[in-house]
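Asker: structure for the following, please:
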Amino acid sequence: GRPGRAPELAALVGHVRAVLEEAIAAGGSSLRDHRQATGELGYFQHSFRVYGREGAPCPAPGCAGMVQRIVQSGRSSFFCPLCQT
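Answerer: Reported below is the predicted structural model:
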């Protein structure tokens, strides 16, 4: 690995935890068939910044990238090639 990577990884862990906590609080993401144990739909999909937005400008402030879509194991992944290389 790259030297000095520990601070980057620690920051990433913090961000992942925050997103997971937000997703759980919103009841998950109901794109096609996900339902909570109560039968309710989740609402986290309304917080997605790039999912389903292929060809749209990247929402990151100051970024000039465009959202791209790739398929991995039959699942779509959306990303900005400038922000998420």
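
Asker: C-alpha only now, for contacts and for neighbours.
Answerer: OK.

Asker: residues touching V71, list them.
Answerer: By C-alpha atoms under 8 Å, 6 or more residues apart in numbering, V71 lies in contact with S77.

Asker: just confirm it is within a helix.
Answerer: No. Applying DSSP: H, G, I helix; E, B strand; the rest coil, one finds V71 to be strand, outside a helix.

Asker: okay, and the beta partners of it?
Answerer: S76 (DSSP bridges).

Asker: per-residue pLDDT, it?
Answerer: Per-residue confidence (pLDDT) for V71: 92.

Asker: equivalent analysis for G42, please.
Answerer: 60.

Asker: now swap in the one 4 residues further on and tell me
Answerer: In this prediction, H46 carries a pLDDT score of 54.

Asker: in the protein, which spans are helices?
Answerer: Assigned by DSSP state H, the helices in the chain fall at 6-25.

Asker: for G65, give me its contacts.
Answerer: 57-58, 80-83.

Asker: any idea how far A56 is from F79?
Answerer: According to C-alpha to C-alpha, to the nearest Å, F79 stands 11 Å off from A56.

Asker: which residues are common contacts for these two?
Answerer: V67.

Asker: now G52: how far from A11?
Answerer: Separation of G52 from A11 (C-alpha to C-alpha): 26 Å.

Asker: neighbour count winner among the two?
Answerer: Taking neighbours as other C-alpha atoms under 10 Å, G52 and A11 compare with G52 leading, 15 against 10.

Asker: who's more crowded, F79 and A56?
Answerer: Comparing F79 with A56 by other C-alpha under 10 Å, the one with more neighbours is F79, at 21 against 13.

Asker: looking at the contacts of G65, which is nearest R17?
Answerer: Ranked by distance to R17 (C-alpha to C-alpha), the contacts of G65 are led by C83 at 19.9 Å.

Asker: what is the burial count for that closest one?
Answerer: By other C-alpha under 10 Å, the residues close to C83 number 13.

Asker: list the contacts of it.
Answerer: Taking C-alpha under 8 Å, 6+ apart, one finds 60, 63, 65 in contact with C83.

Asker: all set now, cheers.
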